[in-house]
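Visitor: Sequence plus predicted model, see below.
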Amino acid sequence: MVCLLLAALTLALYNPVNHHPFVNYDDDRYVTENLHIRQGLTGDTLRWSLTSTEQANWHPLTWISHALDVSLYRMSAGGHHFSSVLLHAANVVLLYLLLVWATGRFGPSLFVALLFAVHPLQVESVAWIAERKNVLCTMFFLLALWAYGWYSRKRSWGRYLAVVALFAAALAAKPMAITLPFVLLLIDYWPGRQAARQESPSWWRLIAEKIPLFAMSAGSATITMIAQRAGGAVRAVSQFPIRVRVANAVCAYAAYLWKAAWPASLAPLYPHPGNAISAWKVWISAALLIAISSLVWRFRDRRYLVVGWLWYLGTLVPVIGVVQVGDAAMADRYTYIPMIGVFVMLAFGLADLAGRRSQAYSTALQMQPGMGQPHPLSPLTVPAVLALIALTWGTHRQIGYWNSNIDLWSHTLAVTRNNFIAEDNLGGAYILEGKEEDAHPHFEAAARINPLDPMSHSNLGTYCQTHGRIQEAIAQYQTAIALTSDASLLAQTYANLGSAQRALGDDSDARQSFVQSLRLNPMQFNAWLGLGLIQQKRGNIGDAITDLSRSVEIQPTAEAYFELGRMLTQTGHIPEAIDAYTEALKLAPGLTEAQQALNSLHQQQQ
């Protein structure tokens, strides 16, 4: 019954997410514009998933889960959201059952699960489809912990292999799971020894049996570093010096704790301050971490404090920024697993505190004749319930910001400073709604905040091109190309550059740009379109039809279908030309040239 109630609460709280759209930040790369995923769960997709390092990661199970969603829901965002919500609900139930089984304590285990279910810091991992990897990885992470508890009660090779298999699945969903062997050592300390039905092995044996798991972690970390470097995600030491990384890590550890206690001003991206990080923030953050560590050591007889604190510190290590990936200082999604440690400290600590107070109160009552027994509820029950209600309200409010791209990025700009990525994405959100003039100031703001931001220059180039300022557009595209190593952005920008060069009549350079775009991304549809138009101009109609057909196969557009219809008409393929014009009109009903051409073909057939 408790499991059903936990699942129902989680599903009800996150139900609004099922009506949200895809986000214009990574959701396109993971789902909507990923041609492998758009095929659904096929043999080709499975083979690609197992070898792909796209998005600077190796996470085949994550790709498979997205492909499965496409097979089930096609491109309906609500279905993809629902899968993420189901995974979060499953994680809540798993966490509760794991703690109850390992500790035998119902109250604090339930409180940990409730905090995990309703805390606003979890919203980003659940409401963002591209972060499916987080909730999926955590499910296998918790299952691996459960399998380890099963193994600890009766050590055998079969049970150990279950731990290995589930750990491998967690790594195949997201490499952040590399901290699992460390976490297993923590639960050997607590609550493993008190949960074991037989005498616990020595610490040397406990460490030795995890060597294969540590080897798996090392292998996953190596693959991840190779993938991230190849994808241009790892930032150079010249951009973020070691002292800056360490300072930011210290501040991030403290900031996550503050956001756990007061979850306001949450955003999908917090810009890295770089060298501008304040020394006083570093010292205050360091003092806070040292103070908490000292208290944990002072009360180390309460082992859950040691385990919870080290769980928090340790599981954040892969994402704390010592190896800087991207331009963010921190991210709410990084706390999805680490905050479990903090919740354990809080729940079990408050339960023990309340138990001692209740015992003292009961003793006082027994010394006073005529006084009844104390109320069975803990004195901290009411504050705990009120805190859960406040967190639930905060999560409901945070979910609302993900209702649309414009709402999300407008909120992000309101609660962060100098956020050029949010400016880019808000501009992109306006573009998706056809509000080009509203988008332009945000692209300019992004370039002003960070002149080295390639995305803003690429977007400004597109704006200039659509307004007939072709030379300015070419200059912006070339600047963007010089500033990035991101293969996806480069492919898109080269395709746009080729389009601008073709508009100036420079077909030779345009063709080189299109070819370079397709070398980086063979699925860049507008590069195929550009090549087709160049082939058409050169009179190579057969090659033009091939290139244009490839373009509409990857991404149907009215322009490509219209040009394909023209080429098919020239070669006498009238039925196919009629189909092409019809598809063009479906995508752009106001395309009068296509309607006129279609009418002419129908008249010829009469």
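Guide: Everything's here; your move.

Visitor: buried set for the strand or helix carrying residue 294?
Guide: Element membership for residue 294, per DSSP states H and E: helix 279-298. Within helix 279-298, the residues scored as buried using 16 or more other C-beta atoms under 10 Å are 281, 282, 285, 289, 292, 296. Bear in mind the C-beta positions are built from the backbone N, C-alpha and C, glycine included.

Visitor: where exactly do the strands run in the stretch 151-300 of the chain?
Guide: Using DSSP state E, counting those that start in this stretch, the strands found in the stretch 151-300 of the chain span residues 270-271.

Visitor: how about the helices in it?
Guide: With helices called from DSSP state H, counting those that start in this stretch, the stretch 151-300 of the chain shows them at 157-173, 180-187, 193-195, 203-208, 211-230, 242-261, 279-298.

Visitor: Roughly how far does residue 77 sit from residue 58?
Guide: Residue 77 sits at a distance of 26 Å from residue 58 (criterion: C-beta to C-beta, to the nearest Å).

Visitor: which of those two has more neighbours?
Guide: Taking neighbours as other C-beta atoms under 10 Å, residue 77 and residue 58 compare with residue 58 leading, 23 against 20.

Visitor: among the helices of the stretch 151-300 of the chain, which is the most enclosed?
Guide: When you average the neighbours per residue for each of the helices of the stretch 151-300 of the chain (mean count of other C-beta atoms under 10 Å), helix 180-187 leads with a mean of 21.

Visitor: Determine the set of other helices and strands touching that one.
Guide: helix 132-153, helix 211-230, helix 303-315 (3 or more C-beta pairs under 8 Å, 6 or more residues apart in numbering; DSSP states H and E).

Visitor: Could you check the angle the shortest one makes with helix 180-187?
Guide: In terms of direction (axes from the mean of the first three to the mean of the last three C-alpha atoms, to 10 degrees), helix 303-315 departs from helix 180-187 by 170 degrees.

Visitor: Quick check: what element follows helix 303-315 along the chain?
Guide: By DSSP H and E, the next helix or strand past helix 303-315 is strand 328-330.

Visitor: circling back to that earlier point, figure out which of the helices of the stretch 151-300 of the chain is closest to residue 594.
Guide: helix 211-230 (41.9 Å; C-beta to C-beta).

Visitor: what about the helix or strand hosting residue 348, average pLDDT?
Guide: If you go by DSSP H and E, residue 348 is part of helix 339-366. Average pLDDT, helix 339-366: 78.

Visitor: and after it, which helix or strand comes next?
Guide: helix 381-400.

Visitor: Run the chain-centre distance for that next one.
Guide: From the chain centre to the centre of helix 381-400 is a distance of 24 Å (C-alpha atoms, centre = their mean, to the nearest Å).

Visitor: Tabulate the CA atom coordinates of that helix in CSV.
Guide: Provided in CSV are the C-alpha atoms of helix 381-400 (Å, rounded to 0.1, in the frame of the first residue of the first chain):
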residue,chain,number,x,y,z
THR,A,381,5.8,14.8,12.4
VAL,A,382,4.0,18.0,11.8
PRO,A,383,7.1,20.0,10.8
ALA,A,384,8.1,17.2,8.5
VAL,A,385,4.6,17.1,6.8
LEU,A,386,4.7,20.9,6.4
ALA,A,387,8.1,20.7,4.8
LEU,A,388,6.9,18.1,2.4
ILE,A,389,3.9,20.2,1.5
ALA,A,390,6.1,23.2,0.8
LEU,A,391,8.5,21.1,-1.3
THR,A,392,5.6,19.7,-3.3
TRP,A,393,4.3,23.2,-4.0
GLY,A,394,7.8,24.2,-5.0
THR,A,395,8.0,21.3,-7.4
HIS,A,396,4.6,22.0,-8.9
ARG,A,397,5.7,25.6,-9.5
GLN,A,398,9.0,24.5,-11.0
ILE,A,399,7.3,22.1,-13.3
GLY,A,400,5.2,25.0,-14.7
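
Visitor: so what secondary structure elements neighbour it?
Guide: By 3+ C-beta pairs under 8 Å, 6+ apart, helix 381-400 packs against helix 2-13, helix 106-118, helix 123-127.

Visitor: what's the angle from that helix to helix 2-13?
Guide: Using the same axes, to 10 degrees: helix 381-400 against helix 2-13 is 40 degrees.

Visitor: tell me what the following helix or strand past helix 381-400 is packed against?
Guide: Sequence order places helix 405-415 as the next helix or strand after helix 381-400, per DSSP H and E. Counting contacts by 3+ C-beta pairs under 8 Å, 6+ apart, helix 405-415 packs against helix 420-432.

Visitor: Contact partners for residue 166?
Guide: By C-beta atoms under 8 Å, 6 or more residues apart in numbering, residue 166 lies in contact with 140, 143, 144, 147.

Visitor: Do I have it right that the second one meets residue 94?
Guide: Okay, so that is residue 143. Yes - shown here, residue 143 and residue 94 form a contact pair, counting by C-beta atoms under 8 Å, at 6.8 Å.

Visitor: What is the neighbour count of the closest residue to residue 578 other than its chain neighbours?
Guide: Closest residue to residue 578 apart from its sequence neighbours, by C-beta to C-beta, 6 or more residues apart in numbering: residue 601 at 5.4 Å. Applying other C-beta under 10 Å, we find 17 other residues in the vicinity of residue 601.

Visitor: I'd say residue 601 and residue 580 touch.
Guide: No - Residue 601 is beyond contact range of residue 580, at 10.2 Å (criterion: C-beta under 8 Å).

Visitor: can I see the domain layout of the protein?
Guide: Using automatic domain parsing, the domain ranges for the chain come out as 2-349, 403-548.

Visitor: out of those domains, nearest to residue 389?
Guide: Closest approach to residue 389 among the domains of the chain is made by domain 2-349 (8.9 Å; C-beta to C-beta).

Visitor: Look at that closest one and report the distance between its end residues.
Guide: Start-to-end span of domain 2-349 (C-alpha to C-alpha, to the nearest Å) is 22 Å.

Visitor: quick one: that domain to chain centroid distance?
Guide: For domain 2-349, the distance to the chain centre is 11 Å (C-alpha atoms, centre = their mean).

Visitor: And the helices in the stretch 451-600 of the chain?
Guide: Ranges of helices within the stretch 451-600 of the chain are 454-466, 470-483, 487-503, 507-520, 525-537, 541-554, 558-570, 574-587, 592-605, based on DSSP H, counting those that start in this stretch.

Visitor: Which strands or helices does the longest one pack on?
Guide: Helix 487-503 is packed against helix 454-466, helix 470-483, helix 507-520, helix 525-537, with contacts defined by 3+ C-beta pairs under 8 Å, 6+ apart.

Visitor: The second one too?
Guide: Contact partners of helix 470-483 among helices and strands, from 3+ C-beta pairs under 8 Å, 6+ apart: helix 454-466, helix 487-503.

Visitor: now those in a markdown table, with distance to residue 329?
Guide: Listed next are these as a markdown table, based on distance: least, C-beta to C-beta, whole Å:
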| stretch | distance to residue 329 |
| --- | --- |
| helix 454-466 | 18 |
| helix 487-503 | 22 |
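
Visitor: Of all these, which one comes closest to residue 99?
Guide: helix 487-503 (41.2 Å).

Visitor: ok so, going back, take the helices and strands packed on helix 180-187 and lay them out in JSON lines including distance to residue 427.
Guide: JSON lines is the format used below for the helices and strands packed on helix 180-187 (distance: least, C-beta to C-beta, whole Å):
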{"stretch": "helix 132-153", "distance to residue 427": "26"}
{"stretch": "helix 211-230", "distance to residue 427": "27"}
{"stretch": "helix 303-315", "distance to residue 427": "35"}
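
Visitor: could these go into JSON lines alongside distance to residue 347 and mean pLDDT?
Guide: JSON lines is the format used below for the helices and strands packed on helix 180-187 (distance: least, C-beta to C-beta, whole Å; pLDDT from 0 to 100):
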{"stretch": "helix 132-153", "distance to residue 347": "16", "mean pLDDT": "96"}
{"stretch": "helix 211-230", "distance to residue 347": "27", "mean pLDDT": "94"}
{"stretch": "helix 303-315", "distance to residue 347": "9", "mean pLDDT": "98"}
